[in-house]
Each structure stands twice: as C-alpha cells, then as structure tokens.
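Undergrad: predicted model follows, preceded by the sequence.
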Amino acid sequence: MEGILFPRGVVESREHLNNYRRRGGYQALPNIKNLSPQKIIAEVEAAGLRGRGGAGFPTGKKWLLTAQNEERPHYVVLNGGEDEPGSKKDRLLMENLPHLVIEGVILTSYAVGATNAYLYINQQYGAAIQSMTDALSEAKDAGYCGEHILGTDFSLEIFLTSAPPNYVAGEDTAALEVIEGKQPLPRQKPPFPATAGLFGKPTAVNNVETLANVPPIVANGHQWYRSFGTAESPGTMIFSLDEEVNRPGIYELPFGTPLRFLIEQCGGEVKNNKAIKAIQPGGPSSAFLLPDKIDLSLDHDSVRAAGSSIGCGVIHLVMEGTCMVEEALRIAEFFAAECCGQCPACRMETNVLATMLKKAQQGQGGQPLLEQFGKVISFNKGKGFCNLINMPAPPIESALSLFRSDFECHLANGRCPTH
Amino acid sequence: MKQICLVCQNVDCKSRGSEALMKELEKKVTDKGLADVEVRPYMCFGACQEGPNIVLYPEKSWYAGVKMEDVNDILDHLAGGPDVKRLDRIDPSLKELIYQLLDTGVF
C-alpha cells in the first residue's frame, strides 16, 4: 500500500541523500524565498496535520503560536525521546528516512522563524543517532542547513542532544529541560513551550513522525494530503503491532483504516488463531476495548467515540486466557515506576493504584477495594505538571468495568480466573 | 490493640521535615516502651499542602502540619492520653477517602 512517509508503506533501508533528492526531497528549499513562513503554516493547518506523539494537537496551531510570538529567538525541537512501550516508529523513521525528518525540521524552523533547532533523540537509539548525524552532515555539505541556506537569508543551525531513556523524558517540557542541561523533569504549564520554551523562548516541540509529514505537505499541498485519511484525521499514521500477531512491526496506513485490516492483512492474523480478549489501541495509557470493536475505524474521533484513544498508534492485543487484573497491575506498576516523583499527587496516585491492584491480585480488600479506584483517580485528576498523573486511569477503569469478573474472581479466590 | 503511626514520606512532606519527625517518633516510641505502637512510613495521604501528615490507624486520627515540638503530645496520645486537637484540621472528605483505603488494607 502506498504511504506518505514510507513510499511503499513499509520500512526498507536507510535512504541516502541522492535517493531522497531523486524522489523529490529538499525541493522546497531552493525556492524558499517564494514561499513565505505564513504560507507553510497555512498549508500545514489546511492539511489538518495533528501531532503524532500521542496528544493529537493541531500542528499548524502550535506553530502559529510560536511564530507570532514577538520574543526572539525562536527554537524548534524534534522530539525523538520515544520511550513508549511497544513504539519504535520514530526510531525507524530516523534510522531509515533521516533526510525526510531533517527536511521536516528545516521547513518547520523556517515556518516558525527559528534559527536554531535541536534533534532530541533517545540515547538508546544508537543507529538512529548515527543515521541522523550522517544525514545532518550530508545536508550541511549540500547547503541545506547552516548559514544562508542555498544563498537565501534563512540560516539554521541544527544540534543533536541525546535523551535519557525513560518515559517522562519524552514529555515536551522535560525534553527542554534536558537540552538546557538539567534533569528530565516536566515543567508546570502554562506557560506552554510556544510561549516560553527552550531557554524561556518561544519553541515548537514536535514529534518525529509529525515533522516527517511536513515535507510531503509542502511539496504536494494540503488537498493531496487530504486525499489520505478522514476529514477530521487527515493523512496516515504509523501503527505498531507487537508479538501477538504473525507479522509484528510498524505499518503506515491512512487514518480511517479498519483495525481488522491492520491486524489481519498487515499483521497476518493473530498467532495460533487465538481469540482476542481486549484491544488497547493507543499504548499503555489508552482504555481497553472489547474485541467486538475489531472493525473500528482507526482515526482520532472514532477511537474516542468507542471510549479509548489512538495515542501514538501502539496497538496492544490481549489474548483470551490473559487475566485483566494482571494486565492492569502491569500497567499501574509501569506508571508508578516511570513517575518522576516531583509532583506529590502523581507519586501518591501511581503508587496507591499499583498497591491497590497488587492487593486485588492477592485477593485482599474485597468489594470495598474495587470501589476505591474511582475515588483515588478523581481525587488526583489533573494535579500533576504533566499528563502522567492521568495516564493510569483509562486502562484501569476500563479493565474494571469491562472485565469485572476477573477482579471478582481474584477477590473471591485469590487467583486468576485463567489459571 | 496495636496502633500504626503512619508518617507520610512523599516529596512534599519530606521537604517539610517528615523524615526527621519519623526518626524522632521511632526513637521516643522505643524509649517510652510503647510496645503496641509501630511507626511506619506511608507513601502519601494527598494533603501535601498541609504536611507533614501523620495518621494513626486503626484509630483514625490525622495530624497535619506536625512540627518537632508536637511529637511529645502525639506520643502522649499514643500512650492513651488525649488527642491533639490543634493538629486536626484535614477536610473530612479527604479523611474518608484515605481511611477507606487503609480499611481495605492499602499500606
């Protein structure tokens, strides 16, 4: 299937500068003086590009807030801190299509008026760092970045910073802290980075996949872009399937593709034809869905209407025979471990939820324990600097409501319904 | 009945001195020979702005904004004396949430 980012819908190998140029890469730069920053922002807004890091915020709107701010200088940060369990889309983009990503950074910097950009890449992604470093040097030699790009007034320096390998380090403002030489701790918001970001200046922080979509939009226009996907979720998204299917991997598909197509046609069906017990369509912080949602359209609005979220496209399938108390506990322990500890409410909530699930798993606490989950979650909602405090709620609450009998079995017998 | 004296050790209470409070309580509980009292850290009671927080359980007394000079009064209470009314200022709905959690065994 033809994609926007991966020419044939799948990753092949590292693309070198000449190949990228041959298929139309870096073509906007020689004519950049005929293309105003406002025009690029308008095109990206008209294309309806939404962030691919998880929140789905409109990219054009974020850029406009940065571009219009009178404070100078402006910065661009490419967020490749990716540490979501099961997600490797950003890594593969940087490894295989580094010039597409770098051109995205250059066009974004031009659009928001930035003269410095930072590539913030997970330090565990050695091959991605190498590939981006090599591509950056090729791009510099070709005159695509540095002083007076291709003889124009536009100058841009691009730097690379490695990101600590933990979940919170991928949060936008934690990334800014790391680039400033500090610990990866999220900042209180507002102010948002578009107003006061890197070194206190207006900054556009965008996910790798988001910025990889920019060169094709600028080259082909918003109408072409909107020929992929749905009206509310235009374009494509890279979906990740893990080991539950015969062909795990990442697949670029237009928004609106049925989940069944991804699992059956791309993933080659579930391994050993096992039955699906639950679907988690957007990474560990998304709510579980029942398997009757297999024909769900993979776009922001449809997944939200079904009661979950599409996040950064990591699809987790829970197989029949798996205990949902164990699943919820695994997720709660992940967030408790990844909580950075600076917001007391988040530390309290993530630790209490994990402890409560451990109690449930051991058959302690009885029905009153189950009644406490909602209270703890609503007491702490929104009380953290970043969104991590809200993340355990959807998977835990959906597991409790959709698979209550698993919990009741643990409470009654102190063991899994499946063992 | 055995009393557990839970001392919050989350970041906020710690920054207000809860670690030293816990040590002092442990020491004085031993010195006084209060065999039925156990001093234990707790992850958080969710009343950070009122910290350091100490909850006596299963009795269900909540002392907020505890300072070193309050320790002797809390010990007197643990030894059977009157409760320390001046330190009881937490919102009843939060008390209920936390007491219910403790009742379900979430320590």
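TA: Sure thing, it's come through.

Undergrad: quick check: closest non-adjacent residue to residue 48.
TA: Unless you meant another one, I'm taking chain A. Using C-beta to C-beta, 6 or more residues apart in numbering or on different chains and skipping the chain neighbours, the partner closest in space to residue A:48 is residue A:234 (4.1 Å). From N, CA and C alone the C-beta is placed, and that goes for glycine too.

Undergrad: that's the wrong chain, I wanted chain B
TA: residue B:12 (3.7 Å).

Undergrad: ok so the one you found is a helix residue?
TA: Yes: per DSSP: H, G, I helix; E, B strand; the rest coil, residue B:12 lies within a helix segment.

Undergrad: show me what residue of chain A gets nearest to chain B.
TA: residue A:348 (3.3 Å; C-beta to the nearest C-beta).

Undergrad: my guess is that residue meets residue B:9, correct?
TA: No: with contact defined as C-beta atoms under 8 Å, residue A:348 does not reach residue B:9; the gap is 11.0 Å.

Undergrad: who's in contact with the longest helix along chain B?
TA: Ordering each helix of chain B by length in residues (DSSP state H) puts helix B:18-31 first. With C-beta atoms under 8 Å, 6 or more residues apart in numbering or on different chains as the test, helix B:18-31 has contacts from B:5, B:7-9, B:37, B:39, B:41, B:51-54, B:66, B:68, B:71-72, B:74-75, B:78.

Undergrad: in it, what counts as buried?
TA: Within helix B:18-31, the residues scored as buried using 16 or more other C-beta atoms under 10 Å in any protein chain shown are B:18, B:21, B:22, B:24, B:25, B:26, B:28, B:29.

Undergrad: what about the strands in chain B?
TA: B:3-8, B:37-42, B:54-57, B:61-63 (DSSP state E).

Undergrad: what about the third one, near chain A?
TA: When you say that, I think you mean strand B:54-57. No: for strand B:54-57, no contact with chain A is found by C-beta under 8 Å from any C-beta of the partner chain; the gap never falls below 13.3 Å.

Undergrad: check what pLDDT residue 18 gets.
TA: Answering for chain A, as no chain was given. Model confidence at residue A:18, given as pLDDT, is 93.

Undergrad: actually it's chain B I care about, not the one you picked
TA: For residue B:18, pLDDT reads 96.

Undergrad: one more: residue A:8?
TA: Value for residue A:8, per-residue pLDDT: 64.

Undergrad: run a quick neighbour tally on residue A:31.
TA: 10 (other C-beta atoms under 10 Å in any protein chain shown).

Undergrad: in what helix or strand does residue A:351 lie?
TA: helix A:344-361 (DSSP states H and E).

Undergrad: so after that helix, what's the next helix or strand?
TA: Heading C-terminal from helix A:344-361, the first helix or strand you meet, by DSSP H and E, is helix A:366-380.

Undergrad: any idea of the angle that next one forms with helix A:344-361?
TA: 160 degrees (axes from the mean of the first three to the mean of the last three C-alpha atoms, to 10 degrees).

Undergrad: list the buried residues of helix A:366-380.
TA: Of the residues in helix A:366-380, those buried (16+ other C-beta under 10 Å) are A:369, A:370, A:372, A:373, A:376, A:377, A:379, A:380.

Undergrad: which neighbouring elements make contact with the next helix or strand after it?
TA: Downstream of helix A:366-380, the first helix or strand assigned by DSSP H and E is helix A:393-402. Packed against helix A:393-402 by the contact rule (3 or more C-beta pairs under 8 Å, 6 or more residues apart in numbering or on different chains; DSSP states H and E) you find strand A:276-280, helix A:324-338, helix A:366-380, helix A:404-413.

Undergrad: how about CSV for those, with mean pLDDT and distance to chain B added?
TA: Below are these laid out as CSV (pLDDT from 0 to 100; distance: least, C-beta to the nearest C-beta, whole Å):
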stretch, mean pLDDT, distance to chain B
strand A:276-280, 97, 25
helix A:324-338, 96, 10
helix A:366-380, 92, 4
helix A:404-413, 93, 11
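
Undergrad: can you tell me the average pLDDT over the lengthiest strand in chain A?
TA: Under DSSP E, the strand in chain A containing the largest number of residues is strand A:114-122. Mean pLDDT, strand A:114-122: 98.

Undergrad: just the pLDDT for the residue nearest to residue A:48.
TA: Looking at residue A:234, the pLDDT reads 97.

Undergrad: look up the closest residue to residue A:199, ignoring the ones flanking it.
TA: By the measure of C-beta to C-beta, 6+ apart, the closest residue to residue A:199 outside its immediate chain neighbours is residue A:180, 6.5 Å from it.

Undergrad: what is the nearest of the buried residues of helix B:18-31 to chain A?
TA: residue B:18 (11.5 Å).

Undergrad: neighbours of residue 54, just the number please.
TA: Reading this off chain A. Counted with other C-beta under 10 Å, residue A:54 comes out at 23.

Undergrad: if you could check chain B rather than the one you did, that'd help
TA: 28.

Undergrad: the one 3 residues further on now?
TA: Burial of residue B:57 is recorded as 19 neighbouring residues (other C-beta under 10 Å).

Undergrad: and for residue A:336?
TA: By other C-beta under 10 Å, 20 other residues sit near residue A:336.

Undergrad: contacting residues around it?
TA: By C-beta under 8 Å, 6+ apart, the neighbours of residue A:336 are A:350, A:351, A:353, A:354.

Undergrad: rewinding a little: save the buried residues of helix A:366-380 as JSON lines, and put in distance to residue A:93 too.
TA: As requested, those are exported to JSON lines (distance: C-beta to C-beta, whole Å):
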{"residue": "A:369", "distance to residue A:93": "43"}
{"residue": "A:370", "distance to residue A:93": "42"}
{"residue": "A:372", "distance to residue A:93": "42"}
{"residue": "A:373", "distance to residue A:93": "37"}
{"residue": "A:376", "distance to residue A:93": "38"}
{"residue": "A:377", "distance to residue A:93": "34"}
{"residue": "A:379", "distance to residue A:93": "39"}
{"residue": "A:380", "distance to residue A:93": "35"}
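
Undergrad: out of those, which is nearest to residue A:308?
TA: Among these, residue A:377 lies closest to residue A:308 (C-beta to C-beta), at 16.2 Å.

Undergrad: how about that closest one, what does it touch?
TA: Counting by C-beta under 8 Å, 6+ apart, residue A:377 has contacts A:349, A:353, A:392, A:393, A:396, A:397.

Undergrad: near chain B too, which of the contacts of residue A:336?
TA: Of the residues in the contacts of residue A:336, proximity to chain B by C-beta under 8 Å from any C-beta holds for residue A:351.

Undergrad: of the contacts of residue A:336, closest to residue A:92?
TA: Of the contacts of residue A:336, the one sitting nearest to residue A:92 (C-beta to C-beta) turns out to be residue A:350, at 29.8 Å.

Undergrad: touching, residue A:388 and residue A:339? I think so.
TA: Yes: if you go by C-beta under 8 Å, residue A:388 and residue A:339 touch, sitting 6.2 Å apart.

Undergrad: any common contacting residues for the two?
TA: A:168, A:346, A:350.

Undergrad: of these - the most surrounded one?
TA: Of the shared contacts of residue A:388 and residue A:339, with other C-beta under 10 Å as the count, residue A:346 tops at 29 neighbours.

Undergrad: that older thread, make a PyMOL selection of the buried ones in the contacts of helix B:18-31.
TA: Buried residues among those (16+ other C-beta under 10 Å), as a PyMOL selection:
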select buried, chain B and resi 5+7+8+9+37+39+51+52+53+54+66+71+74+75+78
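
Undergrad: that's all I had, so thanks and see you.
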